[in-house]
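Asker: coords please:
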Amino acid sequence: MTGTEEIESPVAGPSMSLRRFQDPPTASHMSSASSLGPSISRIISTGITYDPASTCDSGAVSASSDPSLAGRRRKPDSSRIRPAGTTSAPASPPISVDSERGGVVTTPQPIMELDQDEKHEENEHLPAQAVDIEHAPCEDDPREWSYMKKHFVLIMITFAFLGPLIAASIYNPVIEQIKEDLHASNVEIGLSLSLYILCQGWFPVMWASIAEIIGRKPVYLSSYFLYTIATTVASRSPNMPTLVAMRAVMAIGSAAVTCLGAGTLADVFEVHERGKKLGFFYGVSLVGPAIGPFLGGLLGHAFGWRSTLYFLAAYAAVVDCLFFFFPDTWRKERSRIYQKAVRNASKRKMHQDEKAQRRATQLDISLSATEKPPSDGDTPRNYDLPEPGSRGQVVVCDERSQDHGSGQAGEKAPVAQHCTETTTFRPTLRDVNPLPSMWTIAKMPTNLLMIGCSGLMFGAQYCIPYTASLTLAKYPYDYNSFKIGLVVLAFGGGSLVGSVIGGRLSDRALAISRRVNKGVNIPEFRLRSTIPFMPFMVGSFLAYGWMAEQHVDIAGIVVILFCTGIFLMLVYSSAFAYLVDANPGQSSSAISFNSLVRGSVGCVLSQIAIPIQTAIGDGGLYTLIAGLLMFTSAGIILIMCKGAKWRDPVHRFHWPWSKWEAEEQDDGPSSRPSMESAASRLGQAQ
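Answerer: Numbering: from 1, shown residues only. Modelled structure (predicted):
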C-alpha cells in the first residue's frame, strides 16, 4: 500500500481506526469480498481497511489525503450509537483485510441500536402502520384456548341463537287456535308477528354497545333472563294485547344473542377458520325458522297453543343456566368502543375539573400567587389519555413547574408530570350510546351496501315459511299444521347444508388470497365463492313461486324448497363472514346494525307479502323477490371489485352531488344549478 489516510469508522469504537487506500482495489479483492456479502464489498470498493496497530487516540488524518483535514480529530459519538441492550458502546469487533492475499476476515457485529430520541426522529419520516386490534395483547387470550373450550363456546352460542329463531315461526301453525281462544283479529295477529321481527332487529344495537363496555357474559345472562320471564308471562296471557306486548319483550330479550353471537366467535377463532364456524353457527340457527312450524304444529295439535310457549320458556331457562358456565370472550384491549369510552371519560373528567376551577376563580376562593403559592389541589390538572389496552383507569397528573436561572422574570418551564391520583373509569349512558358506533359502521360504503344486500336476502328467506304455510293449507293440498311443518322443514335442511358448505368455500377462497397476497387477508376474496351460485339463488326463488302457483306435486315443492335453502345460504354465509372480517374490533356493532336493517326489511316484507300473494299469487310475489335478489347479487359483485379501495382509510367516497356543492361554495349561492343543469350533470357523472 502506498499512500493512506487514517480515519475513524462511523461504527468503530474507541479502540480501532481505518485506513483508506489511495490506490484502487484489485479484481481479486472484489471477487473475494463479494462472496462474503454486500457490506464487505462496500468496504473494499471504498478502500477502507482496519489497521490494528492504530487507535482512535491518534485521531489524526493524513495531510497527504486531504490537507484541509490535517491535525483534526473526529471523536465518535458513542452516546448516540450503541449495541442493543447495553448502556455504553463497547469496542467494535475486528475487521481484517489482507490486501496482499485479497482475503477478508470478519466477525459478526452486534446489532446497533439508536437512542430513543434518534428513533423518534427516524420514525417521524416513516408511514404510520395500522394496528391489528384483533391481536392486541391481553390476558387469557380466547384464541389460545383449547379445542374443547373453543367449540363449547361455538355450540353454546349456536343453540342460544336457535331458541329465539324457533320462537319467530313456532307461532304460525297455532294462529287459528289463538284467534278462537283470545278472540283476536287479523290485525292483532299480524302485529304480534311483525313487532317480534322489528324489535329483534332494532334492539341488538343497544345490547352490542352495552356488551362492549361491560363484557358479553353479563349481557347474555341478563338478556336471556328477560327473554325467559317474558315467555313465561306470554304463556299465561289472558288477552291479545298482553300477548302482543310480551312477544315484543321476548324479542328485546332475545336480540342480544342475535348480534353478539358472531362477535363472540370472532373473539375466539382466527380469520382463516372463521367462515366455517360462522357457517355452522348461522346454518344450525336457520333450522329454527324451518323446525318452528313443525314443533308448533306438533305441540299445538297435542296440547294446545300455550304449550308452544311453555316449550320456549323451558328452553330459555336451560340456556340461561348454562350461561353461568360460559367463559367471557370479550377483552377490553380488543374493543374499539371501550377504548374510545375510556378516552371520552378522561376528557370529561378534565372538562369537569376545568369548570370547577373556573367557578372557584370567579368566586375568588383561591389566593393570588403573590400571597400564597398554589397548592397541589389548586393547580390545574392534566390527564394522560390511556393508551389502547389500558385497564380502564384515568390517571390524573399534576404538571409542576420550576424557575429557570436565566430568561425573563417569572418564566417557568414544565417539568416531568407527577401522578397525584387515579380515577377509575365508570360507564355512563353516553358511553353506551349506540348512535356513534352505528354511524361509524354506516359511513363505510362497503358496510352500507353489504348490509342492504343482507337485509334483502333475510327478507326473502323469512317470506318462504310464512307464505308456504298459507299456500299448503289451501286447496289442493289442505295440509294440517303438522304436515305443513314437515314440508317447510326441507327449506331449513337446505339452509343448514348451504350454510356449512358456503362457510368452507369462503374459507378456501380466503386461503387462496393469503397465498397470492403473501399472507395478507383481504375480506373481499371471501365473496368470490358466491359468484357461481348467484344465478341459482335467483332461479330457485323464481321456480318455487311458479311451482306453488301451478300447484305441482308436493314432491316438487319439497325438492325446490331444499334447493332454495342451499343456494340462498351459499351466498348469505359468505356475506355474513365478510361483515365480520371487514370490521375488526367492532364486529358486534356491524352485526347489530345488520340485524337492525334486516329486521326492518323482514317486518316490511311480512306485512306486504300476504296482500301481494292474495293479489297476484305466489308466482308474481316471488318474481318480485327474485328481482330484488338480482340487485343483491350485483351489489355483492360491486363490493368484490371496489371494496378494498373503499375500505382504504385514505380513500374518500365522493357522491355525484359533491361536485355541485364545491362549485356552489366557490361561485356563491347565486350560481346554484337549475334542475335541468343538475340532471345533465348527473348524466355526465354517471
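Asker: hang on, residue 178 packs against residue 305?
Answerer: Yes: Residue 178 is within contact range of residue 305, at 5.3 Å (criterion: Cβ atoms under 8 Å). Where C-beta positions appear, they are placed from N, C-alpha and C, glycine not excepted.
Asker: let me see the mean pLDDT of stretch 326-346.
Answerer: Averaged across stretch 326-346, pLDDT comes to 73.
Asker: ends of that stretch, what's the gap?
Answerer: 32 Å (Cα to Cα, to the nearest Å).
Asker: for the nearest residue to residue 139 once chain neighbours are set aside, grab the count of nearby residues.
Answerer: Counting by Cβ to Cβ, 6 or more residues apart in numbering, residue 139 lies nearest to residue 331, which is 7.8 Å off, once chain neighbours are set aside. By other Cβ atoms under 10 Å, the residues close to residue 331 number 18.
Asker: what of residue 539?
Answerer: So residue 539, with other Cβ under 10 Å, has 15 neighbours.
Asker: same thing with the one 5 residues further on?
Answerer: The tally of other residues near residue 544 (other Cβ under 10 Å) stands at 26.
Asker: please name the residues that touch it.
Answerer: Taking Cβ atoms under 8 Å, 6 or more residues apart in numbering, we find residue 544 in contact with 464, 557, 560, 561, 564, 618, 622.
Asker: of the residues you listed, closest to residue 526?
Answerer: residue 564 (22.2 Å; Cβ to Cβ).
Asker: touching, the residue nearest to residue 139 and residue 268? I think so.
Answerer: No: counting by Cβ under 8 Å, residue 268 is not a contact partner of residue 331; they are 11.0 Å apart.
Asker: shared neighbours, these two?
Answerer: Joint contacts of residue 331 and residue 268 (Cβ under 8 Å, 6+ apart) are residue 142.
Asker: show me where pLDDT drops low in the stretch 301-450 of the chain?
Answerer: 333-337, 364-432 (pLDDT under 70).
Asker: ranges for the strands of this structure?
Answerer: In the chain, the strands defined using DSSP state E lie at 4-7, 18-21, 48-50, 81-83, 95-98, 103-106, 112-114, 381-384, 393-403, 412-424.
Asker: and residue 507, how far from residue 522?
Answerer: 14 Å (Cβ to Cβ, to the nearest Å).
Asker: of the two, who's got more company?
Answerer: residue 507 (23 against 16).
Asker: quick check: nearest residue in space to the more buried one, chain neighbours excluded?
Answerer: In space, residue 507 is closest to residue 275, 4.0 Å off (Cβ to Cβ, 6+ apart).
Asker: and residue 514, by the same measure?
Answerer: Nearest one to residue 514, counting by Cβ to Cβ, 6+ apart, is residue 521 at 6.2 Å.
Asker: now for that neighbour: which residues touch it?
Answerer: 271, 272, 510, 513, 514, 581.
Asker: my read: the first one touches residue 577, true?
Answerer: What that stands for is residue 271. No: counting by Cβ under 8 Å, residue 577 is not a contact partner of residue 271; they are 9.2 Å apart.
Asker: and residue 51, what pLDDT?
Answerer: 43.
Asker: please name every helix or strand in contact with the top helix by length along the chain.
Answerer: Of all segments of type helix in the chain, defined using DSSP state H, the longest is helix 587-646. Contacts defined by 3 or more Cβ pairs under 8 Å, 6 or more residues apart in numbering; DSSP states H and E place helix 587-646 against helix 186-202, helix 204-214, helix 240-268, helix 434-442, helix 445-472, helix 534-549, helix 554-581.
Asker: and the first one, what's its mean pLDDT?
Answerer: Average pLDDT, helix 186-202: 82.
Asker: quick one, it and helix 587-646 angle?
Answerer: 70 degrees (axes from the mean of the first three to the mean of the last three Cα atoms, to 10 degrees).
Asker: could you do the third one as well?
Answerer: Taking the same axes, to 10 degrees, helix 240-268 and helix 587-646 form an angle of 60 degrees between their directions.
Asker: kindly report the same for the fifth one.
Answerer: Between the direction of helix 445-472 and that of helix 587-646, the angle (the same axes, to 10 degrees) works out to 120 degrees.
Asker: and the longest helix of the chain, what's its mean pLDDT?
Answerer: 87.
Asker: with stretch 544-563 instead?
Answerer: pLDDT averaged over stretch 544-563 gives 94.
Asker: okay, buried residues for it please.
Answerer: Buried residues in stretch 544-563, counting neighbours by 16 or more other Cβ atoms under 10 Å, are found at 544-549, 557-563.
Asker: looking at these, which one is closest to residue 204?
Answerer: residue 561 (28.3 Å).
Asker: for that closest one, give its distance to residue 487.
Answerer: 7 Å.
Asker: how many neighbours does residue 143 have?
Answerer: 14.
Asker: I should have written residue 471 there, sorry.
Answerer: 18.
Asker: try residue 582
Answerer: 23.
Asker: isn't it right up against residue 446?
Answerer: Yes: judged on Cβ under 8 Å, residue 582 makes contact with residue 446 at a distance of 6.1 Å.
Asker: list residues touching both of those two?
Answerer: Going by Cβ under 8 Å, 6+ apart, residues that sit against residue 582 and also against residue 446 are 643, 647.
Asker: okay, now the closest residue to residue 550 other than its chain neighbours: neighbour count?
Answerer: Of all residues not flanking residue 550 in the chain, residue 619 sits nearest, at 7.9 Å (Cβ to Cβ, 6+ apart). Burial of residue 619 is recorded as 16 neighbouring residues (other Cβ under 10 Å).
Asker: assess the claim that residue 619 and residue 545 are in contact.
Answerer: Yes: checked against Cβ under 8 Å, the pair residue 619 and residue 545 is within contact range at 4.9 Å.
Asker: rewinding a little: mark which of the contacts of residue 521 are buried, thanks.
Answerer: Here, 16+ other Cβ under 10 Å leaves 271, 510, 513, 581 buried among the contacts of residue 521.
Asker: residue ranges in the stretch 101-250 of the chain under the pLDDT threshold?
Answerer: For the stretch 101-250 of the chain (pLDDT under 70), the answer is 101-136, 138.
Asker: try 50 this time
Answerer: Scanning the stretch 101-250 of the chain with the threshold set as pLDDT under 50 gives 101-131.
Asker: nice, that's everything, thank you.
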